[in-house]
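Asks: I need the structure of the sequence given here:
(one chain, ligands or ions: 1)
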Amino acid sequence: MRLRIAPDQAAKIATALARAGTREIGGQMFGEQLAPSDFRVSELTVQKRGGAFARFVVDVVQAMKDARRFFDRTKHDYRRFNYIGEWHSHPSFAVEPSVTDATTMRKLVADAEFRGAFAVLMIVRLDGDKITRGAWLFDPRGGERLVTLEFEHDDRKTDNDRREGDGRGQRIRWI
Ligand SMILES: [Zn+2]
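Replies: Predicted structure coming up:
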């Protein structure tokens, strides 16, 4: 599976990570199916309630509000626009699912109320100007695999965003 993050949503992650520092943050990902096994995240939410994402606690009330807003905006065309998964940061440890992360995702997709074919967990980490990231897919039948994750760039916009007089530029390096 290929998962692209739209440029404005990638910028949103970069800003939120820089602001959060060593605090773990996260939220939900919603988006569009472009082709079989090819998705783009067009709406990434940042959970407002700060907290211990080491324990991967989702603010269910906010998540439901965000979901409703996304589905209203995309006119409830669920075959094309749907929930993609969860994301959170690991500012202090490796960019891979912890045991708790994997358990939480397995429970989520195995739940009788879960309607999707899969849920993705994306993990990101900011070190200086570098963002390391990874994504894993979990399906209700117990399948788990690595997702090809792509942060779409808008290079022209990034160039414009560079601060004047700073030869080093301010762009975030995505690795
Ligand atoms: Zn985690």
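Asks: can you pull out the helices in the chain?
Replies: All helices of the chain, identified by DSSP state H, fall at 7-20, 60-73, 99-110, 155-161.
Asks: Most tightly packed of those?
Replies: For those, the largest average neighbour count (mean count of other Cβ atoms under 10 Å) is found in helix 7-20, namely a mean of 17. Any C-beta I mention is one placed from the backbone N, CA and C, and that applies to glycine too.
Asks: Quick one: find the helix or strand in the chain with the lowest mean pLDDT.
Replies: The least trusted helix or strand in the chain, going by mean pLDDT, DSSP states H and E, turns out to be helix 155-161, with a mean of 46.
Asks: how about the helices of the chain, which one is nearest Leu34?
Replies: Comparison of these against Leu34 by Cβ to Cβ identifies helix 7-20 as nearest, at 14.8 Å.
Asks: and that closest one, what does it pack onto?
Replies: Identification of packing neighbours for helix 7-20 by 3 or more Cβ pairs under 8 Å, 6 or more residues apart in numbering; DSSP states H and E yields strand 38-44, strand 81-89, strand 119-127, strand 130-138.
Asks: what's next to the second one, contact-wise?
Replies: Contacts with strand 81-89, where a contact means Cβ atoms under 8 Å, 6 or more residues apart in numbering, come from 3, 13, 17, 20, 24-33, 39, 41, 44, 53, 56, 58, 67, 70-71, 74, 105, 108, 116, 118-126, 135.
Asks: what is the mean pLDDT for that strand?
Replies: Mean pLDDT, computed over strand 81-89, is 93.
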